[in-house]
Each structure stands twice: as structure tokens, then as C-alpha cells.
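Participant: 3D, please:
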Amino acid sequence: MAIGLLAVFLAPQFVLAADDAPEPRPRSEHDAAQARAAGEPVPADIPDTVVDPSTLDVPSAEPAPPVDTPPADTPATDAIKAVTQSPQPVHLKATVTEKGAAIPDGLVWRVFDTRADTNGQLAMVAKSDDASANLSLPPGQYVIHVAYGRAQASDTLTVNPGENNKTVVLDAGALRLNSAITGDISIPVNLEHFDIFSGGTSEADRTLVAQNVAPNETVTLNAGTYHVVSYFGNINAIVRADLRVEPGQLTEATLYHKASQISLKLVSEAGGEAIADIDWTIKSSTGETVFQEIGAFPATVLQEGDYTVLAKRGDAVYNRSFQVVPGQPREIEVLTSVYQGG
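Facilitator: The predicted structure is shown next:
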């Protein structure tokens, strides 16, 4: 009886229908003999032979759980994808200072992808010349660059579903340059120009920001210190200065030259007619050649100092020493009867 109870407790914990119940395992001849000896009845329907286990009805193993598959697209998911992947409206504007008004014109916007291409460059995905740029960009991360004259700024941009607004502060000012000869003597516009460099203590530290800037031209720049070079003519009349540009302000400066315009002519007598086809050379006090030209009446600009002019006509060479002082244009005559040399 104890064996029967143990068999009940260890039985599999599932219930089969009466029609599906497996047949009882037949007893061996040895088991049947023991049963008879014990006086237990041996059912007549149990055969005395061994049954092939392969013929038994054994329950199959539990099937593996199904693999999760993504749900099929529905109108709701399609709508979400349309919003998160379609281009979204982006509105860009720039100001000169933190609390300044929006710049009304003169801006150039460029938008770049944040992922570099095979050359390591950021691909430009949009550009606008409108001061208030209205763009359409898919949601994601971008880098925006705005230029206003020589002032420029870059910032990151995150485009989300819906309206996107971005304001970039340029922190910019402006510079207006002029030059004159010492004594407030004006310089002809066609003989002066400026180069603007970034600040620095040496040429190696500076980078060119603006070149060949005309006098009285307003140049928009990021706030900061700049190294300005003023050229009077194209020889050696050069003046340098470091100037500060403040945010939202116009900085005006006049640079003064200690130089003068000069013109040359070879004459046979004082005040005479200029002789044509002369090969001219001007040397500085150190012997450096600073000017060469062929003609009857050449003109140039020289920094103050001592110079020697040589006028070659055929095999004859005429020379004269002269001095340049700041002031009005001056004419230098070389007389064939006085200044002949070899």
C-alpha cells in the first residue's frame, strides 16, 4: 500500500482524458510469478511478454516558444514615422549682440551634417542667403555657420518634430579705416589700402582676415583685437597698428604715414622738358633697390629717408642723391649737365 501511495505522489502532474490514457506497462514473467506467490491477482489482459517501448504512446516535448516578431505597421506607426523622418521647419536668425535686434540683411547661412564624409569633411546639407533663413531639415543633429561680412559664428542645431527656432549671436562689431600723411595731408584713394590680420605678437601668430580693404570701407568683424597694416603706394610706405573692435560698435581709425609722393625726370636744364626712354633705379641708404621703371616721367611713393636715383640713357648713367620728407608731392629733377656718373 505504501508503494502505491509513493507512485501517486511521483506521478506526472498533468491529467489525460480517458481516451488518451496510455496502456499500463505489462509485467514481466518474473513480476507475474511474484504476484501469484503473494496471492495478488494477475489481470488476464496483461500479456506475459515484453512490449516494445517504441510502441508506447509517450507525450511529446513542449514546443519551443515562438520568436518575437515586430508588429506590423499600422496607420498610427506610419504617422509617427512620417513625423520623425520627414523634413521639419527650421527658422534661423542672427543678432550682433546678446540682446540686439535681428540682423536684417547681409547674412549667409550654411548647415552641415555632423557626420564626416570619407574625406573627413562635414557635408553641407543646406544654404541660405536670407537674413531670416527658413529651411526644412529632417530631425537630427547639425552644425550651423553664419557669416556677416568678415564676422562669423558656428553653433549646433537639434531639429525635432515640429517648429524649430534658433538665434545665433555673432558678438560682432565693425572697423572703418583711413590714412593720411603726417600733417593731415590727404592721400589719393587709389594709392592706399589696408590688410587686416588677427591679433598676435608676431607674424607667425597672425592670420589674414581681410585683404585690400579700401579707405572708409566698413568691415564687419567678430569682437576682438586686430593687427592693421596700412599701405601708401606699393614700395615701403607702411604703417601698422593694433586696433580693438567692440561688440555692437563701429571703430574708426586713421593711420598716419611719414612718406611722400615723388616723380622723376631727366632734363638737360632745370625746369626743362623730360627726356624719354630713361631706365630709372632708386636705391635706399643701405644700397637696396626699391624702385625700377622705364619712362620719361615715373612716379612713386617713398617712406621718409635718404635715397639715390640713377637715370640710365644709353651708355650714360646720371645719378643724384635726395631726401624724402613727409608732405606734398615732390618732383625730383636729374640734370644731364650736373649729375653724370658711371
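Participant: pull the helix or strand with minimum mean pLDDT from this protein.
Facilitator: One helix or strand of the chain scores below all others by mean pLDDT, DSSP states H and E: helix 2-9, with a mean of 34.
Participant: Over to the residue nearest to residue 139 when sequence neighbours are not counted: give its phi and psi.
Facilitator: Nearest residue to residue 139 in three dimensions, chain neighbours excluded: residue 159, at 5.0 Å (CB to CB, 6 or more residues apart in numbering). The way it works is simple: take the backbone N, C-alpha and C, and place the C-beta from them, glycine included. Backbone torsions of residue 159, given as degrees, to the nearest 10, read phi -100, psi 120.
Participant: Identify the residues contacting residue 159.
Facilitator: 88, 90, 137-142 (CB atoms under 8 Å, 6 or more residues apart in numbering).
Participant: among the residues you listed, which ones are buried?
Facilitator: By neighbour count, with 16 or more other CB atoms under 10 Å, these hold 88, 90, 137, 139-140, 142 as buried.
Participant: Export the contacts of residue 159 as TSV, with columns for pLDDT and distance to residue 269.
Facilitator: TSV is the format used below for the contacts of residue 159 (pLDDT from 0 to 100; distance: CB to CB, whole Å):
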residue	pLDDT	distance to residue 269
88	97	84
90	97	78
137	97	79
138	96	83
139	96	86
140	96	83
141	96	81
142	97	76
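Participant: Looking at the residues you listed, which are in strands?
Facilitator: Among the contacts of residue 159, the residues falling in strands (DSSP state E) are 88, 90, 137, 140-142.
Participant: Just the closest of those to residue 255, please.
Facilitator: Of all the ones in strands among the contacts of residue 159, residue 142 has the smallest distance to residue 255: 42.1 Å, by CB to CB.
Participant: now the closest one: how far from residue 131?
Facilitator: 19 Å (CB to CB, to the nearest Å).
Participant: which SS class is residue 260?
Facilitator: In three-state terms, and counting by DSSP: H, G, I helix; E, B strand; the rest coil, residue 260 is strand.
Participant: Near it, how many other residues are there?
Facilitator: 22 (other CB atoms under 10 Å).
Participant: Tell me where the chain has helices.
Facilitator: 2-9, 29-37, 75-85 (DSSP state H).
Participant: For residue 116, which non-adjacent residue is spatially closest?
Facilitator: Distance criterion CB to CB, 6+ apart; nearest residue to residue 116, sequence neighbours excluded, is residue 122 at 5.9 Å.
Participant: Surely that neighbour is in contact with residue 141?
Facilitator: No. Look at residue 122 against residue 141 with CB atoms under 8 Å: they stay out of range, at 11.3 Å.
Participant: Now do the shared contacts for those two.
Facilitator: Residues touching both residue 122 and residue 141 (CB under 8 Å, 6+ apart): residue 114.
Participant: got the contacts of residue 159 as JSON lines, with distance to residue 288 columns?
Facilitator: JSON lines is the format used below for these (distance: CB to CB, whole Å):
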{"residue": "88", "distance to residue 288": "65"}
{"residue": "90", "distance to residue 288": "59"}
{"residue": "137", "distance to residue 288": "59"}
{"residue": "138", "distance to residue 288": "63"}
{"residue": "139", "distance to residue 288": "65"}
{"residue": "140", "distance to residue 288": "60"}
{"residue": "141", "distance to residue 288": "57"}
{"residue": "142", "distance to residue 288": "54"}
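Participant: And those, which is closest to residue 253?
Facilitator: Nearest to residue 253 among the contacts of residue 159, counting by CB to CB, is residue 142 at 38.4 Å.
Participant: burial count for the spatially closest residue to the closest one that is not a sequence neighbour?
Facilitator: Once flanking residues are discounted, residue 142 sits nearest to residue 157: 4.4 Å by CB to CB, 6+ apart. Per other CB under 10 Å, the neighbour tally for residue 157 reads 19.
Participant: What are the neighbouring residues in contact with residue 157?
Facilitator: 90, 111, 141-144, 164, 166.
Participant: Could you find the two of the residues you listed that are most distant from each other?
Facilitator: Taking CB to CB as the measure, the contacts of residue 157 span a maximum distance of 14.6 Å, between 143 and 164.
Participant: returning to that earlier point: can you list the ones in strands among the contacts of residue 159 in TSV and add distance to residue 190?
Facilitator: Listed next are the ones in strands among the contacts of residue 159 as TSV, based on distance: CB to CB, whole Å:
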residue	distance to residue 190
88	52
90	46
137	47
140	51
141	50
142	45
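Participant: where exactly do the strands run in the stretch 151-300 of the chain?
Facilitator: 151-159, 164-169, 172-181, 185-186, 192-198, 208-213, 218-222, 224-232, 237-245, 250-257, 259-267, 278-284, 289-295, 299-303 (DSSP state E, counting those that start in this stretch).
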